[in-house]
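*Asks:* curious how this folds, go ahead:
(chains A and B)
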Amino acid sequence: MIIESNYVSTLTFAAVNSEASFASTQKKGAQGIIDEITASKLRGCGGAGFPTGLKLTLMAKEKTHPKYVICNADEGEPGTFKDREILTNYAELVFTGMAIAAMAIGGAEKGILYLRAEYAFMKEHLVAVIAKCKVFTGFNIEIRSGAGAYVCGEETALIESLEGKRGEPRNRPPFPIQSGYLGQPSEVNNVETFAWITTIMSKGAAWFNAVGTVQSAGYKIFSISGDCKRPGVYEFSMGTTIAAMLNAVGGEGAQAVQMGGASGQTIFADQFSRKIAFEDASPGGSIMVFGPQRNMFDVAENFLEFFDEESCGQCTPCRKGNVQLLVAVRKIKAHLQGKEMCCKNKEQAHGCLERLYSLAETMQIASKCGLGQSSANAFLAITKHFADDIKCGGRK
Amino acid sequence: MASTLELEREVEIRQELEQLINKYGKDRAALKPILHDLQDRYRGIADDYMQLLADMLGIHAIEVQEVVSFYSFYNAGKKGKYIIRMCQTMPCKMVGAKEVALALEKILGVRFGETTKDNKFTLEWTNCIGMCDQGPALLINETPYTRVKPEDVEKIIKECK
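*Replies:* Here you go, the predicted structure:
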């Protein structure tokens, strides 16, 4: 079964021949691959942006076998569907990229595609593409299913899930490179990252890093949705401004955008000249557009409901903190609508907000994984933006 | 002393689990694929299945139960033949998920979180299913439905035989 996007900008992926890329890559050998990917300055496409060349280098240095190449197709970050599109139309690039990575790291026992349960509809299609790629790569890839847990998009939780356990993130170090699936060195990458590996081996590092910024080279794929005329999957070069992106998708006049999913950055209109890049408005793969009619506290509430449900529960600040922030957001919403005043005056409201900011800070510092470390982001950005309104109880 | 029926049932379940173990392996990493098949087959993983599976894999029963309880696509007990999962994350909410949800409740005659009396449909909320460019979106078992309007709901439900 195929679900496609209405609006897809022309993706470079469409012009790449996986089989040819693999054939020419074989001639370059493991070090050749590592050199090319490192030179391209490709960074991971799942949100964290770890330099891919460095990850391959470190994996190649590991002397323990077996090694595993794992594709993170758990795509659960709100607003993200780019990997859905890539797996639907460019899965060959992804599986070839996994085989190339296996070559680069000195051989892997097998590849594992961790496919979120919600994408089970495309499994038959993927099995066929895996078989097709195996003919020219010789690389075995097994599909393993998620079971409806956002936190399993975090690489160590993903590995726990593969091992048959609750998807609870691990302490790091050790990182998956040293001790991953079944304690073995594991190269875990996002779907899109593998597709870029195949593309860069075909078109060259120089082609890729000719665009972008100093710290964020090349192109990136984005899923864009919300209050815009043309929601869909787009390719932009890093360094594109938010304003330019909004023009492309028909989201002019937006009040705010959410960059990088519910765990990302909330950026308001006065900052739309900022650039989409790791060092500025950090990309991830998801952009949600909010029009002027949206109540941003509905957004904060929705995201906190999400994190409250998806928290694995290990870390007290995350497990309890998300609930407290959610309760607070609902009170603030009611407060702003004049329905109830939980704080008697401006000073009390100020003190209340300060305590909530302190709680958010605790969550950021003390949570073991990215979920707890970033679940307060939207809440902080939105309450700070509207802090005056909150303190005056919605009346200026 | 266990009754003959209980013993027969245990033998049956053990045989069924044996087949799954042959398919996926006997190590801990085989647990989720086995649970996944059981969930697909029975729309839930019953207590006796959990106990016997633990025994056959050489792990504690709680280790099976804690995995079943963690993942939202697994459940102890039993859900309907068709599990409807409606996306409740912001991009879908922004394009009218609420109205579709109300239509589902009306036509099925249950509220979210419940199963119809004939055990045919379970209605649930779920989080972002990756269809944000074409919401409101929902899953019925493995099949996604996108751009769902309240007036489509009746037809979609009728198609579920």
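
*Asks:* please count neighbours and contacts with C-alpha atoms only from this point.
*Replies:* Will do.

*Asks:* pLDDT value on residue B:77, please?
*Replies:* pLDDT, residue B:77: 85.

*Asks:* now do residue A:357
*Replies:* In this prediction, residue A:357 carries a pLDDT score of 95.

*Asks:* so which bits of the lengthiest helix in chain B are buried?
*Replies:* The residue-count maximum for a helix in chain B (DSSP state H) belongs to helix B:4-24. Under the neighbour-count criterion of 16 or more other Cα atoms under 10 Å in any protein chain shown, helix B:4-24 has B:14, B:17-18, B:20-21 buried.

*Asks:* tell me which helix or strand residue A:103 sits in.
*Replies:* Here residue A:103 sits within helix A:91-104, counting by DSSP states H and E.

*Asks:* sorry, that was for residue A:169
*Replies:* Residue A:169 is part of no helix or strand when elements are defined by DSSP H and E.

*Asks:* nearest spatial neighbour of residue A:238, skipping sequence neighbours?
*Replies:* When the adjacent residues along the chain are set aside, residue A:238 lies closest to residue A:212, with 4.3 Å between them (Cα to Cα, 6 or more residues apart in numbering or on different chains).

*Asks:* hmm, I was thinking of residue B:53
*Replies:* Residue nearest to residue B:53 in three dimensions, not counting chain neighbours: residue B:17, with 6.7 Å by Cα to Cα, 6+ apart.

*Asks:* for residue 51, give me phi and psi.
*Replies:* No chain in the question, so chain A it is. Main-chain torsions, residue A:51, degrees, to the nearest 10: phi -60, psi 120.

*Asks:* not quite, I wanted chain B
*Replies:* According to degrees, to the nearest 10, residue B:51 has phi -60, psi -50.

*Asks:* tell me how many other residues crowd the closest residue to it other than its chain neighbours.
*Replies:* The shortest distance from residue B:51 to any non-neighbouring residue, by Cα to Cα, 6+ apart, is to residue B:61 (5.2 Å). Here the number of neighbours of residue B:61 (other Cα atoms under 10 Å in any protein chain shown) works out to 18.

*Asks:* sorry, back to before: with only the CA atoms kept, save the longest helix of chain B in PDB.
*Replies:* The C-alpha trace of helix B:4-24 is given here as PDB (Å, rounded to 0.1, in the frame of the first residue of the first chain):
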ATOM      1  CA  THR B   4      -8.400 -31.900  32.300                       C
ATOM      2  CA  LEU B   5      -9.700 -28.900  30.300                       C
ATOM      3  CA  GLU B   6      -7.000 -26.600  31.900                       C
ATOM      4  CA  LEU B   7      -4.300 -29.100  31.100                       C
ATOM      5  CA  GLU B   8      -5.500 -29.600  27.500                       C
ATOM      6  CA  ARG B   9      -5.600 -25.800  27.100                       C
ATOM      7  CA  GLU B  10      -2.100 -25.500  28.400                       C
ATOM      8  CA  VAL B  11      -0.800 -28.100  26.000                       C
ATOM      9  CA  GLU B  12      -2.600 -26.300  23.100                       C
ATOM     10  CA  ILE B  13      -1.000 -23.000  24.000                       C
ATOM     11  CA  ARG B  14       2.400 -24.500  24.400                       C
ATOM     12  CA  GLN B  15       2.200 -26.000  21.000                       C
ATOM     13  CA  GLU B  16       1.200 -22.700  19.500                       C
ATOM     14  CA  LEU B  17       4.000 -20.900  21.200                       C
ATOM     15  CA  GLU B  18       6.400 -23.700  20.200                       C
ATOM     16  CA  GLN B  19       5.600 -22.800  16.600                       C
ATOM     17  CA  LEU B  20       6.300 -19.200  17.200                       C
ATOM     18  CA  ILE B  21       9.600 -20.000  19.000                       C
ATOM     19  CA  ASN B  22      10.600 -22.100  16.000                       C
ATOM     20  CA  LYS B  23       9.900 -19.100  13.700                       C
ATOM     21  CA  TYR B  24      11.500 -16.300  15.800                       C
END
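
*Asks:* what is that helix packed up against?
*Replies:* Applying 3 or more Cα pairs under 8 Å, 6 or more residues apart in numbering or on different chains; DSSP states H and E, we find helix B:4-24 packed against helix B:31-42, helix B:47-57.

*Asks:* among those, which is the most enclosed?
*Replies:* Among the helices and strands packed on helix B:4-24, ranked by average contacts under mean count of other Cα atoms under 10 Å in any protein chain shown, first place goes to helix B:31-42 (a mean of 19).

*Asks:* mean confidence for it?
*Replies:* On average, helix B:31-42 scores 97.

*Asks:* ditto for stretch A:294-314
*Replies:* Rounded to a whole number, the mean pLDDT of stretch A:294-314 is 97.

*Asks:* if you count neighbours, what's buried in that stretch?
*Replies:* Neighbour counts over stretch A:294-314 (16+ other Cα under 10 Å) mark A:296-297, A:299-312 as buried.

*Asks:* residues making contact with that stretch?
*Replies:* Defining contact as Cα atoms under 8 Å, 6 or more residues apart in numbering or on different chains, one finds that stretch A:294-314 is touched by A:149-151, A:167-168, A:255, A:262, A:318-319, A:322-323, A:325-326, A:329-330, A:333, A:371-372, A:375-376, A:378-379, A:382, B:70, B:89-90, B:127.

*Asks:* just how off-centre is it within its chain?
*Replies:* Taking Cα atoms, centre = their mean, to the nearest Å, the mean C-alpha location of stretch A:294-314 is offset from the chain mean by 17 Å.

*Asks:* contacting residues for the residue nearest to residue A:238?
*Replies:* Residue A:212 makes contact with A:218-219, A:237-240, according to Cα under 8 Å, 6+ apart.

*Asks:* as a markdown table, the buried residues of helix B:4-24 with distance to residue B:5 and pLDDT would be great.
*Replies:* Listed next are the buried residues of helix B:4-24 as a markdown table, based on distance: Cα to Cα, whole Å; pLDDT from 0 to 100:
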| residue | distance to residue B:5 | pLDDT |
| --- | --- | --- |
| B:14 | 14 | 97 |
| B:17 | 18 | 98 |
| B:18 | 20 | 98 |
| B:20 | 23 | 98 |
| B:21 | 24 | 98 |
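
*Asks:* show me the contact partners of the longest helix of chain B.
*Replies:* Where contact means Cα under 8 Å, 6+ apart, the residues beyond helix B:4-24 that reach it are B:30, B:33-34, B:49, B:52-53.
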